[in-house]
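A.B. asks: Quick one: sequence and predicted model below, then my questions.
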Amino acid sequence: MIKKILFYLLIVIFFNDDNLKANRVKIIAKVGTEIITNVDIDNEYKYLIALNNNYNSIEKKKIYRYAKESLIREKIKKSEIEKFFNLGIKDNYVDERIIIIYKNLGFQNINEFVDYLKDYNLKIDEIYKKIEIEIKWNQLIFEKYRNQIIINKEVLKKELIEEKRNRDTFNLSEIVFSIKNKSEFEKKYNQIIKSINDIGFEKTVLIYSESSSANNSGNLGWIDEISLSKIILNEIKRIGISEITKPIKMSNGILILKLNDKKKINKINENLENELTKLINFEKNRQLNTFSSIYFNKVKEKILINES
């Protein structure tokens, strides 16, 4: 009897030791005096997939590898930023960037965004710190390189006029449905796809869509590409006529779009100056991104990086 008890005790100790090893925090990389652990990489993985729907179609292993690389870049930038700026101070630019992020994800306000982050065990303060590093890095690059930016306004204007001759407009239909959790999403989404295959998109709209457009078989009419969010436009451009998009998460539920038709439109005289200003800003940012890469590599060369 005593032998049996000792045997079971050894088994318990053995498995508990395994659990401790499995849950142990491990140092994955060192960037100067900063360390990156497996826990940090797990959190970065959650951050990436929460803020970018495109990661949903990428292999998990590849995302983890990118998460590690992302954290190394962040540590390098942080080490340089701290030479010029104080971090952790209230910054309106960070607030504005967070608004842009949650609106691009389809949320109407910060509370909806905070609730969404809870699904990934993320806190808004963590997002704030990461965005702050990017904002301060961009400010640093601008201060160092702003006198080296070269803009040819006339060339950009010609490019803009040519682009406005070839703008897309889309005829779209939609299905909008709400869910409470991921398991409900999978069940309802599969039902909708099966219904589309069986009876067509327009009839499926009448069964499943919760949008007021259901009264018109989901048809939204013709929509100019500049009226669409970047996420929606990217999804539409991936599909052909009569095809449907992947599900798109919105503040009011899940959106599925069908591309009924598309055509080119000419709007050369509409808002030309406003769009030229946007194009100039885009070109400035493109050049600053190039300078950013150059400066980053210079900083990286001076920092000791060890990876396990």
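C.D. replies: Good, I have the coordinates.
A.B. asks: show me where the stretch 101-250 of the chain has helices.
C.D. replies: For the stretch 101-250 of the chain, the helices identified by DSSP state H, counting those that start in this stretch occupy 110-118, 124-145, 153-164, 182-199, 201-208, 230-237, in order along the chain.
A.B. asks: which residues does Y116 contact?
C.D. replies: Shown here is Y116, whose contacts under the criterion CB atoms under 8 Å, 6 or more residues apart in numbering are 50, 102, 105, 107. All C-beta atoms are positioned from the backbone trio N, CA, C, and that covers glycine.
A.B. asks: And for the last one, the neighbour number?
C.D. replies: Spelled out, that is F107. 20 (other CB atoms under 10 Å).
A.B. asks: Check the second one too.
C.D. replies: In terms of burial, Y102 registers 22 neighbours under the definition other CB under 10 Å.
A.B. asks: residue contacts, the closest residue to it other than its chain neighbours?
C.D. replies: When the adjacent residues along the chain are set aside, Y102 lies closest to F113, with 3.7 Å between them (CB to CB, 6 or more residues apart in numbering). With contact set as CB under 8 Å, 6+ apart, F113 has these partners: 98, 101-102, 105, 107, 124.
A.B. asks: picking up where we left off before, using CSV, lay out the contacts of Y116 together with pLDDT and distance to I133.
C.D. replies: Output for the contacts of Y116, formatted as CSV (pLDDT from 0 to 100; distance: CB to CB, whole Å):
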residue, pLDDT, distance to I133
A50, 90, 17
Y102, 91, 19
L105, 88, 20
F107, 92, 23
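A.B. asks: any chance of those in a markdown table, with distance to E307 too?
C.D. replies: Putting these into a markdown table (distance: CB to CB, whole Å) gives the following:
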| residue | distance to E307 |
| --- | --- |
| A50 | 25 |
| Y102 | 33 |
| L105 | 32 |
| F107 | 36 |
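A.B. asks: so which pair among those is furthest apart in space?
C.D. replies: Considering CB to CB, no two members of the contacts of Y116 lie farther apart than A50 and F107, which are separated by 11.8 Å.
A.B. asks: one step back: just say which of the helices of the stretch 101-250 of the chain is most tucked in.
C.D. replies: Neighbour counts (mean count of other CB atoms under 10 Å) averaged over each of those peak at helix 201-208, with a mean of 18.
A.B. asks: send the alpha carbons of it over as CSV?
C.D. replies: Coordinates of the C-alpha atoms in helix 201-208 are reproduced here as CSV (Å, rounded to 0.1, in the frame of the first residue of the first chain):
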residue,chain,number,x,y,z
PHE,A,201,-27.0,35.9,-52.7
GLU,A,202,-30.2,38.0,-53.1
LYS,A,203,-32.5,35.4,-51.5
THR,A,204,-30.0,34.7,-48.7
VAL,A,205,-30.1,38.4,-47.9
LEU,A,206,-33.8,38.1,-47.1
ILE,A,207,-33.2,35.2,-44.7
TYR,A,208,-30.0,36.4,-42.8
